[in-house]
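[1] Have a look at this prediction, sequence included:
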Amino acid sequence: MPDSLRLDELETRYTLLEQSYQELNDVVTQQWRLIDAQTLRIKRLEASVENAEQGQPIDSPPPHY
């Protein structure tokens, strides 16, 4: 195989690998955002359950009512 064809093939493979890398990176970034949001939600739910176990209303009205 001539060198120019090998170089073309390598450049094509490199470009495809770069695209795949970027797509995978985007997916991982999106998953981390989702994980962070779910972690925050779980912490809030745990706090709500803890408050309910202590007899405090979860959504109590403000004191001026």
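    That came in fine, so what should we check first? Numbers count the residues shown, from 1 in each chain.
[2] make it CA atoms for all contacts and neighbour counts henceforth
    Fine.
[3] can you map out the helices along the chain?
    3-53 (DSSP state H).
[4] what stretches of it score poorly on pLDDT?
    Judged by pLDDT under 70, the chain has its weakly predicted residues at 56-62, 65.
[5] Can you give the contact residues for stretch 27-43?
    Taking Cα atoms under 8 Å, 6 or more residues apart in numbering as the criterion, no residue outside stretch 27-43 touches it.
[6] Can I get that stretch in PDB, CA atoms only?
    The C-alpha trace of stretch 27-43 is given here as PDB (Å, rounded to 0.1, in the frame of the first residue of the first chain):
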ATOM      1  CA  VAL A  27     -22.800  11.300  27.000                       C
ATOM      2  CA  VAL A  28     -20.700  11.100  30.100                       C
ATOM      3  CA  THR A  29     -21.100  14.800  30.800                       C
ATOM      4  CA  GLN A  30     -24.900  14.500  30.500                       C
ATOM      5  CA  GLN A  31     -24.900  11.500  32.800                       C
ATOM      6  CA  TRP A  32     -22.900  13.300  35.400                       C
ATOM      7  CA  ARG A  33     -25.400  16.200  35.300                       C
ATOM      8  CA  LEU A  34     -28.200  13.700  35.800                       C
ATOM      9  CA  ILE A  35     -26.400  12.000  38.600                       C
ATOM     10  CA  ASP A  36     -25.800  15.300  40.400                       C
ATOM     11  CA  ALA A  37     -29.500  16.300  40.000                       C
ATOM     12  CA  GLN A  38     -30.600  12.900  41.300                       C
ATOM     13  CA  THR A  39     -28.200  13.100  44.300                       C
ATOM     14  CA  LEU A  40     -29.700  16.500  45.200                       C
ATOM     15  CA  ARG A  41     -33.200  15.100  44.900                       C
ATOM     16  CA  ILE A  42     -32.300  12.100  47.100                       C
ATOM     17  CA  LYS A  43     -30.900  14.400  49.800                       C
END
